[in-house]
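Engineer: Next one to model:
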Amino acid sequence: MSRRVSSGLHREIPSTSIHQRCIIDSATLSTHDTMKTSISALASFASLVSSARLLLQIPTTHLVNPSTLPSTTHATLQSSGLPLDTYLTRSNTFNFNNVSAGSYLATVHCRDFAFEPLRIDVSVEEAVEGSGEMKEVIRAWQTFLGNDWDNKGESRGEGGNGLVIEARPVGQKWFYQERQGFSPLSFLKNPMILMAVVSMGLIFGMPKLMENMDPEMKQEFEEMQKNGVMGSGTTNTAQQLQNFDLASWMAGKTDSGSAVARAPSPAGQAKKR
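Structural biologist: Residues are numbered from 1 along each chain as shown. Sure, this is the predicted structure:
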């Protein structure tokens, strides 16, 4: 087999060498393709395992001044593994670095104040659909302890790497109950004191009322007291209730009829004598 050269001469090239060159070229091309595929796979894997960074910031409100919080104040990000823990910095923030993708419960632990818990989701998504470039996306919501994890409250922020999320205080912690001082109003609200005041008013107020009463009405009132009508009314009523016979009343009998029936006749008494 021969091949024409530019000089016009004929040169014989073995067919085996041409075949070897073709094999070498195809192997080189396949090696380049494999390297490109490996590099792209490594890049995508690196983007998947890349870690996010987020900050929890305590805002200055009328309830709390973050600059006065104790040095033991710290925050945690808790998921299925070991929790991430960090302390409060001078800039009033909690810095969390190397946060992998997942769903976390963010809690601020403070001695003097209570803060709302947060749900923070870290995910890796495409920057532009179809581009293949990946980026970290951080989303934060208000959450409620003791409820379903999917029960999310208001959104507290959404963004990329380095997102700043506010950790809002909800109230101050009280470990001791303050002793109440003396209050005249609470003293007068005591039932025993009220009963004593009413009794004293009746004792000292009734004579004054009797002096200003009409003479005829005053005389009637004195007669009623002498006859015992006012004092014995309650006593008679109580005695009647105690001596009430339910069976006789249901049978249609009256007290007068039963009294007459129980009283012996004079004729019977004469016979007995």
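Engineer: Which helix or strand lies directly C-terminal to whichever helix or strand L77 is part of?
Structural biologist: Using DSSP states H and E, L77 sits within strand 74-78. Once strand 74-78 ends, the next helix or strand along the chain (criterion: DSSP H and E) is strand 84-87.
Engineer: Parallel or antiparallel, which strands does that following strand pair with?
Structural biologist: Strand 84-87 pairs in its sheet with strand 74-78 (antiparallel), by DSSP bridges.
Engineer: which residues touch the nearest residue to D112 once chain neighbours are set aside?
Structural biologist: Take D112 and drop its neighbours on the chain: the residue closest to it by Cβ to Cβ, 6 or more residues apart in numbering is K173, 5.9 Å away. In this view, the C-beta of every residue, glycine as well, is placed from N, C-alpha and C. Contact analysis of K173 by Cβ atoms under 8 Å, 6 or more residues apart in numbering lists 110-114.
Engineer: And for L163?
Structural biologist: 54-55, 138, 140, 157.
Engineer: Swap in 6 Å and give it another go.
Structural biologist: 54, 138, 157 (Cβ atoms under 6 Å, 6 or more residues apart in numbering).
Engineer: Go ahead and confirm the last one touches I165.
Structural biologist: Yes: counting by Cβ atoms under 6 Å, I165 is a contact partner of G157 at 4.8 Å.
Engineer: the more surrounded of these two?
Structural biologist: I165 (22 against 15; other Cβ atoms under 10 Å).
Engineer: and the gap between the more buried one and F204?
Structural biologist: According to Cβ to Cβ, to the nearest Å, I165 stands 70 Å off from F204.
Engineer: where does G146 fall, phi/psi-wise?
Structural biologist: phi 90, psi -10 (degrees, to the nearest 10).
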